[in-house]
Structure formats: structure tokens, C-alpha cells
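K.L.:
coordinates for the following, if possible.
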Amino acid sequence: MNFEDKFQNLYHETANLSNTSREYDSKISEFVSRYGNFKNEKKFKRLEKIINDDSDERAFLALCVLHTYLRRNKKYQEIKVLETKYEEKYSSNPAFQILHLRLEINIPSMSPEESLHYAENLSKKFEDNDGVTHDFCMLVANTYEQGTESIRKEIGHNYIGRAQEIIDKVAINKYPKFLWTRARIYSILSECELEEDKRKQYYEIALKSINEAWMLEKPGEQYNTRVMTYRNYELFIKNSHMLETTRRELNAVAQQQTETLQKIKEEYNSLKTENLEILGFFVAVISFTIGSLGITREGTFIENVCSIVVLMSALLVVYGGLGIVLHGREKAGRNVVIIILGILFIGVAIISEIWFTGRMAVK
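P.N.:
You can find the predicted model right below:
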């Protein structure tokens, strides 16, 4: 059976399938896996004649097969040329949008934000097609791993939860590539998770998934390449987890050092303030003592008492002002009350002195 007959059989197998269904994708993938070796490259490229000359359904099937073949062989620039050539003809076909998403995963033509939005919309539109929803998860993983810090934060906030939900669903199929993507998504979840127990749990799921992918991969032309990819990614997961653990530990130490230094600074300031308050108190006592000794013995008892009260009240005002300077707003109410009391006592002493002096003058 020649290549054209094999393609014709594929056309009959897919005739009753929607071109946006998982079954349609699977039939094409199986065909390319079976016949898509290097020796058949010219036969696959001759499919473009069918795209140009045949009926719409058969022509679009040929486009899908050629697109998949080129993608499997990483000939992305040829895919771009192919899409550009037939974009006008098939741009309104939803299945053509799925093909473009698969190119977008490998060679982005949009901004990261636009690509994520595009893939998310298709994953919702074709949520029963595990291939399309898996493609969304792949794009999330690719964009996160290659993206800037702002893109990573956006994925962590807006996309990773949906990607986790989807990948848990499609990974039930135990398809190696799906399990590899699951490992990547859970590695991202581990990196984003703040709670240590959950972070460890996500890390273990990532390792388990990548090992499952490796064990389930079937021998074939690309077996060694795929297994090497899985093993390399296992090392990537372990290294990423170790680096993130180290980063968090260093941050914790730095935070602890900052808190310790802040505590020492606060204790030092508190001790300095207390020492200044004690010094202020002793200065006040000494000033009061010296001031009291300076009061003349010739004055009357009432005059001497009023003088001592004025001196004591003045010291209260000074002490309250010193408290405001040292504590600022922290104990402002207490210090203001002390100042007001000092002023009141001074006023009472002066009024008392005037009253007694006036009374004695009358006598």
C-alpha cells in the first residue's frame, strides 16, 4: 500500500469525526507517528498538492497531517510559511486556531499575555478535547519557565490554578507527554506555594509524574530523545526545588537578622531614653537643691514656700518638655499634663504670694 492509499484510509477513518475533537487529533498523531520518518519527508510534503486541489475536508485533513509532521520534526519556520499561505482560507475554521496554538507554544508570535489569553479561550471552547486543554497547560509551563518576574506572578495569580485542574484531569490517560506537563505544572506550584507542607507535596507529585512519563514511554524512533528529555527535566525539578529551598532559608535568615537588629536598635534607643530621663531627674534634683539653698532666709515662711513651689513647678515644665523631646508622640499626653500642672502650680504660687503680700501690707 503506497502513501497516498494510507492517507486515503486516514480520510475514511476521520470522515465522521469533528476536526476539533480529540479523536480526530489522535488519528492524525497515530498516522504521523507510524509513517512520519525521515524517508517519507517528500511524501508528506506532497500533501500540499491535496491542500491546494482537493475538497475542503480532505484538503484540511492534509493540512493537519502536514502541520503535525513538521511540528514533530521541529520545522517551525516551515509551519509558519504553511500557516501564512493558508491563513486566509482557513482562519475562520476553529481547528485551524488549534493548529496555530501548537505553533504558538513553540514559536510565540504574540506577547506572553496575549498567548496565555488565546490558549485559555481555546481550552474553554474545546474543554472536551484533552489535546487542546493540555496545550494550554504546556503554554503556561513554557511561559512561566521562560518569562519575566511579572509574567510569573501573573501566571501564579490567574492561570496556574486552571492549569492544575486541567492537567490532573488529562493525566488520568497516562499519556507520557501529559505526565511530563503535569510534572512541570506541579513544579511551578511548588515554587509558588508559601506553605511548606504543600510545597513539599507538590514537589513529590512533580517527581512522581516525570518518573511515570519516563516509564510509560514506548520504544520508537524518538524514544531515546524523549527519555533524555524526561531525565533532564527530573534534574531540573530537583535543582529548582533545592535552589528555592536555599533562597527561602536565606530570606528567613535575613529576615531574622533584620528583626534582631531592629530589636537591638529599639532596646538601645529605649536604654538611651531611660538614661537621659534618669540624668534629667538628677539634674532636676540638683537644681532644686541648689535653688532651695539660694532662697533668702530674710523672707517670710509663705514667701519661701511660694518660691520653692515656683522652682519645683518650673522643673516640672522643663521635665515635661524633655519628655516630649525624648518620646515624641509616644507619651505626649503624659508630658503635656506634667507641663500644664507645672504652669498651674506656678500660677497658684504667684497668686498666693501676691495675695499674702497684699494682706500684710493692709495690716
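K.L.:
so, low pLDDT: which residues of the stretch 51-200 of the chain?
P.N.:
Residues of the stretch 51-200 of the chain that meet the criterion pLDDT under 70 lie in 54.
K.L.:
where do the helices sit along it?
P.N.:
Using DSSP state H, counting those that start in this stretch, the helices of the stretch 51-200 of the chain run over 56-72, 76-90, 94-106, 112-125, 130-146, 149-158, 160-170, 176-192, 196-216.
K.L.:
and of these, who's closest to residue 347?
P.N.:
Nearest to residue 347, of all the helices of the stretch 51-200 of the chain, is helix 149-158, at 64.2 Å by C-beta to C-beta. Placement of C-beta: from N, CA and C, glycine included.
K.L.:
quick check: buried residues in the closest one?
P.N.:
151, 152, 154, 155, 156 (16 or more other C-beta atoms under 10 Å).
K.L.:
who touches it?
P.N.:
Applying C-beta atoms under 8 Å, 6 or more residues apart in numbering, the contact partners of helix 149-158 are 112, 113, 116, 140, 143, 144, 147, 188, 192.
K.L.:
want to throw those residues into TSV with neighbour count?
P.N.:
Formatted as TSV, the contacts of helix 149-158 follow (neighbours: other C-beta atoms under 10 Å):
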residue	neighbour count
112	20
113	13
116	22
140	28
143	22
144	24
147	15
188	24
192	17
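K.L.:
now, the most widely separated pair of these?
P.N.:
Once C-beta to C-beta is applied, the contacts of helix 149-158 give 113 and 192 as the farthest pair, at 18.1 Å.
K.L.:
of all the helices of the stretch 51-200 of the chain, which lies closest to residue 25?
P.N.:
helix 130-146 (4.5 Å).
K.L.:
and the angle from that closest one to helix 176-192?
P.N.:
40 degrees (axes from the mean of the first three to the mean of the last three C-alpha atoms, to 10 degrees).
K.L.:
neighbours of residue 241, how many?
P.N.:
Neighbour count for residue 241, taken as other C-beta atoms under 10 Å: 20.
K.L.:
give me the pLDDT for it.
P.N.:
Predicted confidence (pLDDT) for residue 241: 86.
K.L.:
from residue 112, how far off is the closest residue to it other than its chain neighbours?
P.N.:
Excluding the flanking residues, the one nearest residue 241 by C-beta to C-beta, 6 or more residues apart in numbering is residue 203, at 5.0 Å. Note on residue 203: its distance to residue 112, by C-beta to C-beta, to the nearest Å, is 25 Å.
K.L.:
now residue 119
P.N.:
Residue 119 is 11 Å from residue 112, by C-beta to C-beta.
K.L.:
sorry, back to before: just put the helices of the stretch 51-200 of the chain in TSV and tack on distance to residue 15.
P.N.:
Listed next are these as TSV, based on distance: least, C-beta to C-beta, whole Å:
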stretch	distance to residue 15
helix 56-72	7
helix 76-90	18
helix 94-106	15
helix 112-125	23
helix 130-146	20
helix 149-158	40
helix 160-170	26
helix 176-192	27
helix 196-216	31
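K.L.:
so which of those is nearest residue 336?
P.N.:
The nearest among the helices of the stretch 51-200 of the chain, by C-beta to C-beta, is helix 149-158 at 48.0 Å.
K.L.:
now the angle from that closest one to helix 112-125?
P.N.:
Going by the same axes, to 10 degrees, helix 149-158 makes 20 degrees with helix 112-125.
K.L.:
so how far is helix 149-158 off the chain centroid?
P.N.:
Offset of helix 149-158 from its chain centre (C-alpha atoms, centre = their mean, to the nearest Å): 6 Å.
K.L.:
quick one, that helix and helix 160-170 angle?
P.N.:
60 degrees.
K.L.:
distance check, the residue nearest the centre of the chain against residue 147.
P.N.:
Residue closest to the average C-alpha location in the chain (C-alpha atoms, centre = their mean): residue 153, at 3.7 Å. Taking C-beta to C-beta as the measure, residue 153 falls 9 Å from residue 147.
K.L.:
next one: residue 309
P.N.:
76 Å.
K.L.:
find the nearest non-adjacent residue to residue 24, please.
P.N.:
residue 17 (4.5 Å).
K.L.:
the residue nearest to residue 241: neighbour count?
P.N.:
22.
K.L.:
correct me if wrong: it contacts residue 239.
P.N.:
No: with contact defined as C-beta atoms under 8 Å, residue 203 does not count as touching residue 239 (11.8 Å).
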